[in-house]
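1. the following block contains a protein sequence and its predicted model.
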Amino acid sequence: MKRWLSSVFVAALVVGGYAQAQDYVTDDLCGLCHGDIADSYMNSGHPWKLHHTHGQTPPVDEWPWSDVKTAAGIPPVPPLPVAGGEQLGWSDVEFVIGNFFWKARFIRPDGFIYIGDAGEKTQWNLATQEFVPYHAGEPDKPYNCGRCHTTGYQPDGNQTPILPIGTDHDEPLPGLVGTWVQDGVRCEACHGPASDHIQAAFAGNGGNVPPPGGKDCRECHYRDAPLNGRMPWKGGFMRHHQQAEDMDHSPHAELHCNTCHNPHRSTVYNDGGISAYEEGVSKDKLCTDCHDDKPYEVAGMESVNCIECHMPDMGKSAVAVNPYKGDVRGHLFQIMTDPIAAADNVVDADGNLTGGAPGFWKQDANGQAFVTVDYACLGCHTGMPLDVAAGIANGIHEPPNVPPTADPNGPYTGTTGQAVAFDGSGSTDTDGTIVSYDWDFGDGNTGTGVNPTHTYAAAGQYTVTLTVTDDGGDTDTNATTADITDTPPLPPGDTWVLDIPFRYMYDQAIVTFTPYVSILVRVETMFPDGTIVRGMGFEVRGMVYWWNYNPYSVFYGRINRDAGTMSGIVISRQGVGIWSGGQP
């Protein structure tokens, strides 16, 4: 009721004209019209960057997600540390910094942060439920984080928290640097002061009078102020809240934060802060909508989300799980698959490697920065050597090469002294190209190419082996046989000799001639496929030639005498004699 009455009171002032243009009106009033957004954003981390407890013990549900924390064994209200040798009570605490997800720090009634004496631990880490040191033993540490932790911040002065809701302070707190309108990052921190918008809204014209611009995400999610573009690194991890630097040096520099994020909802509690994280929707959807050609190709990793490797926890806000896994996701995205450790990728302000000392994350000549393999892989695969991880990462999105299939055709037959033609054109490669064909003819000789020929010197059955290599470097080998027989000798006289089945002489013309008189010779050949070919020709100067329409053979005849009655003729096929004869 108090909040509602306050809202009504502020609304009355605004509508009545008492508020000056561009004044802050607080998120109570924003929620009157934007209730759904206001409710969800109060469950996000932004409003809780700084929370005013007024020296009172907070109720158990003061911070959101108290039920989730309780279920995880994390106290929703943080315990208090020992500082200056004394156990603190809630009356000693004016503000709490955080306690949403990572850590909680505590502010004294005078506005300084509790850091404690040397050896004391004053920062509460939620994940490990333990206190750790925070500038212990140093001089008083003022709270100078208001620029990004509050709404309506002005750097001058020391905050006197006179808020529209009221306060119990009327004097400045010396430890609080600057002044502000609301604790935490509320609506007007990002959207700007809303008084003109509210006045127009009550007049029915709010949509035409948007609030002036507030802060962009990068103004706070940027570590290396004043916007020097470097990415600080310390103690094995990137510093937290430097997502803007990461993005600037990533392949996604042109994207805006809200391309992926809903700033009104929690990301770490999976409350819709990532727009694709909805029931029944793959968590990779934001990635695969654009990168649909990058499937996992390593067995066992199909269920791993893209961000586990491309956005590993390479930053640290509170707790490191192991030397390669912190608690804040990086936004560099692209993985450098060289076996370079994170500590060897840090440079000083002059660009010299620091050897693991604090410095800045290295950039290439184009200003690009990369996730190193130890962050991408070793946060989960803790025992894997860096070079092994680099080798796996190098091809994790490349489909494995499918080996080719060698087909030597065959079996082949032939005779000694005759060239045998081989055919490897039936070999295939389903995902590329065959780049080489290597033959072993089985008699100690080799050849290359798709269609080589080879002449055997001796009869026998030979194992012919074909090895093909594809453009991915994979090979396949298969074998066939070549049955080689001896070439039949030239028969004497008028005998017709069959050196293979189905081939014979059917006629010849015997004439008396001079070297300038032609004779007629006719030959018929039947080949194994049933083809019958007849040829005829003429003799000139002791040489007999004839045409043959058969694609398988060429006939050549020779007269053994210069003139007179033909006493003999030799018919050869592809250079091998197959018939000889004649009349005396």
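-> Sure, I can see it. Numbers count the residues shown, from 1 in each chain.
2. so where do the strands sit in the stretch 301-450 of the chain?
-> 315-316, 335-336, 346-347, 359-361, 371-372, 412-415, 419-421, 434-440, 446-448 (DSSP state E, counting those that start in this stretch).
3. bridged to Gly460, which residues?
-> Ile484 (DSSP bridges).
4. coming back round to it: save the strands of the stretch 301-450 of the chain as a markdown table, and put in mean pLDDT too.
-> Below are the strands of the stretch 301-450 of the chain laid out as a markdown table (pLDDT from 0 to 100):
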| stretch | mean pLDDT |
| --- | --- |
| strand 315-316 | 95 |
| strand 335-336 | 94 |
| strand 346-347 | 96 |
| strand 359-361 | 94 |
| strand 371-372 | 97 |
| strand 412-415 | 92 |
| strand 419-421 | 93 |
| strand 434-440 | 98 |
| strand 446-448 | 96 |
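5. between those strands, which one is nearest to Val82?
-> In terms of CB to CB, the element of these nearest to Val82 is strand 315-316, at 24.4 Å. C-beta coordinates here come from the backbone N, C-alpha and C atoms, glycine included.
6. residues contacting that closest one, please?
-> Residues from elsewhere that reach strand 315-316 (CB atoms under 8 Å, 6 or more residues apart in numbering): Gly235, Gly236, Phe237, Met238, Arg239, His240, Gln242, Gly326, Asp327, Val328, Arg329, Gly330.
7. what two of these are the furthest from one another?
-> The farthest-apart pair in these, when distances are taken by CB to CB, is Gly235 and Arg329, at 17.5 Å.
8. around Leu332, how many other residues sit close by?
-> 29 (other CB atoms under 10 Å).
9. that one: what's it in contact with?
-> Residues in contact with Leu332, defined by CB under 8 Å, 6+ apart, are Asp246, His249, Ser250, Met314, Ala369, Phe370, Val371.
10. out of the contacts of strand 315-316, who has the most neighbours?
-> Met238 (29 neighbours).
11. quick check: closest non-adjacent residue to that residue.
-> Leaving aside its sequence neighbours, Met238 sits nearest to Gly315 (CB to CB, 6 or more residues apart in numbering; 4.2 Å).
12. if we can go back for a sec, which of the contacts of Leu332 sits closest to Ala421?
-> Distances from Ala421 to those, taken by CB to CB, are shortest for Phe370, at 54.5 Å.
13. could you verify my assumption that that closest one touches Ile335?
-> Yes. Using CB atoms under 8 Å, Phe370 is in contact with Ile335, at 6.4 Å.
14. low-confidence regions, the stretch 401-550 of the chain specifically.
-> 487-550 (pLDDT under 70).
15. for the chain, same thing?
-> 1-22, 157-171, 205-214, 225-227, 276-283, 294-299, 487-584.
16. for it, what spans make up the helices?
-> 2-15, 27-33, 35-41, 66-71, 146-149, 187-191, 195-202, 243-248, 285-288, 306-310, 373, 386-394 (DSSP state H).
17. looking at those, which is nearest to Glu138?
-> helix 146-149 (20.1 Å).
18. so what's Ile113 closest to, chain neighbours aside?
-> Leaving out its chain neighbours, the residue that sits closest to Ile113 by CB to CB, 6+ apart is Lys141, at 4.7 Å.
19. give the contact list for the one you found.
-> Going by CB under 8 Å, 6+ apart, Lys141 touches Phe112, Ile113, Ile115, His135.
20. same thing but at 10 Å, please
-> For Lys141, the contacting residues are Arg105, Ile107, Arg108, Phe112, Ile113, Tyr114, Ile115, Tyr134, His135, Gly175, by CB atoms under 10 Å, 6 or more residues apart in numbering.
21. roughly how far does the residue lying closest to the fourth one once chain neighbours are set aside sit from Gly146?
-> The reference is to Phe112. Computed as CB to CB, 6+ apart, the closest residue to Phe112 that is not its neighbour in sequence is Gly175, at 3.4 Å. Remark: distance between Gly175 and Gly146 (CB to CB, to the nearest Å) = 11 Å.
22. do Gly35 as well
-> Relative to Gly146, and taking CB to CB, Gly35 is found at 28 Å.
23. highest mean neighbour count out of the strands of the stretch 301-450 of the chain?
-> Highest mean neighbour count of the strands of the stretch 301-450 of the chain: strand 371-372, a mean of 28 (counted as mean count of other CB atoms under 10 Å).
24. packing partners for it?
-> Other helices and strands packing on strand 371-372, by 3 or more CB pairs under 10 Å, 6 or more residues apart in numbering; DSSP states H and E, are strand 335-336, helix 386-394.
25. quick one, which of those is packed in tightest?
-> Mean neighbour count (mean count of other CB under 10 Å) peaks for strand 335-336 among the helices and strands packed on strand 371-372, with a mean of 20.
26. packing partners of that strand?
-> Counting by 3+ CB pairs under 10 Å, 6+ apart, strand 335-336 packs on strand 371-372, helix 386-394.
27. residue contacts, the closest residue to His135 other than its chain neighbours?
-> Once flanking residues are discounted, His135 sits nearest to Ile115: 4.4 Å by CB to CB, 6+ apart. The contact partners of Ile115, by CB under 10 Å, 6+ apart, come to 81, 83-84, 105-106, 108, 121-123, 133-141.
28. how does it look with 8 Å?
-> Going by CB under 8 Å, 6+ apart, Ile115 touches Ala83, Thr122, Tyr134, His135, Ala136, Gly137, Glu138, Asp140, Lys141.
29. mind listing the residues bridging to Gly447?
-> Assigned bridge partners for Gly447, using DSSP bridges, are Trp439.
30. redo the contacts of strand 315-316 as JSON lines? Include distance to Gly379.
-> As requested, the contacts of strand 315-316 are exported to JSON lines (distance: CB to CB, whole Å):
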{"residue": "Gly235", "distance to Gly379": "16"}
{"residue": "Gly236", "distance to Gly379": "12"}
{"residue": "Phe237", "distance to Gly379": "11"}
{"residue": "Met238", "distance to Gly379": "13"}
{"residue": "Arg239", "distance to Gly379": "18"}
{"residue": "His240", "distance to Gly379": "16"}
{"residue": "Gln242", "distance to Gly379": "19"}
{"residue": "Gly326", "distance to Gly379": "9"}
{"residue": "Asp327", "distance to Gly379": "11"}
{"residue": "Val328", "distance to Gly379": "12"}
{"residue": "Arg329", "distance to Gly379": "11"}
{"residue": "Gly330", "distance to Gly379": "11"}
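31. the residue nearest to His135 and Met238, how far apart?
-> Distance from Ile115 to Met238, counting by CB to CB: 24 Å.
32. swap in Pro142?
-> From Pro142 to Met238 the distance is 26 Å (CB to CB).
33. Asn394 contacts Thr337, doesn't it?
-> Yes. Here Asn394 reaches Thr337: they are 4.3 Å apart, a contact under CB under 8 Å.
34. surely Trp90 touches Gln56?
-> Yes. The criterion here is CB under 8 Å, and Trp90 meets it with Gln56 at 6.3 Å.
35. looking at those two, which one has more neighbours?
-> Taking Trp90 and Gln56 together and counting by other CB under 10 Å, Trp90 has the greater number of neighbours (16 against 12).
36. got the contact list for that one?
-> Shown here is Trp90, whose contacts under the criterion CB under 8 Å, 6+ apart are Thr53, Gly55, Gln56, Thr57, Pro58, Leu80.
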